[in-house]
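[1] Got a predicted model here, sequence first, then my questions.
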Amino acid sequence: MTSYQVRPAQAADATRITDVHAASSHAAYEGLVQDQPKVPPIEQRRAFWRDAIEYGEPLLQVAAAGGQVVGFVGYDRSRDPKSKPTTGEIWALYVEPGSWGKGAGLALWDAAREGLMEEGCTEVTMWIPLVNERALRFAEHAGFKRELNTAKTAPVGGVKLEEIRLRRPLN
């Protein structure tokens, strides 16, 4: 396992976060969405992450190894309607493919868990497309359980994929 420095994202990280997001998404959904146009355009995605860093919605942490950002996690209160105010959500958790399986995802998950607990959350959810078996295995390894009655269709990279909500207590 590689050692990672996990820290709050800074404005200078927005471009690298955008790059990690794009590379990880491309690798995870290769064969499903790579021929689709880049939706939204790269500058719009970079602006989204810059705004997230500036306004703290979602809260962002990055994992760095050797001074290079290799992954990030975005988290905050749940966006799901009717969720309890003590329910947090992992909005995004991405690690560049070259760092998969080396502990960056777990380091980011630990940082998000601590951050959500500091915010008063007692449980956390995340939405994952069913075709992303790697992400589902990761979430289940981290203690998340699938909520089978939550499957819905969501756009990912210009195509619609079925995704499912996973949940776990934060303690």
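    On my side now, so go ahead. Numbering: from 1, shown residues only.
[2] low pLDDT regions in this protein?
    Applying pLDDT under 70 to the chain flags the ranges 1, 32-40, 157.
[3] repeat that with 90
    Applying pLDDT under 90 to the chain flags residues 1-3, 25-46, 148, 154-161, 171.
[4] That one: helices as residue ranges?
    Per DSSP state H, the chain carries helices over the ranges 14-28, 42-55, 104-118, 133-141.
[5] most neighbours per residue, which of those?
    For these, the largest average neighbour count (mean count of other CB atoms under 10 Å) is found in helix 104-118, namely a mean of 20. From N, CA and C alone the C-beta is placed, and that goes for glycine too.
[6] still on that earlier bit, right, and the helices of the chain - which one's nearest Asp80?
    Smallest distance to Asp80 across the helices of the chain (CB to CB): 14.5 Å, for helix 104-118.
[7] who are the neighbours of the closest one, in terms of helices and strands?
    Contact here means 3 or more CB pairs under 8 Å, 6 or more residues apart in numbering; DSSP states H and E; on that basis helix 104-118 packs against strand 5-8, strand 59-65, strand 68-77, strand 87-95, strand 123-129.
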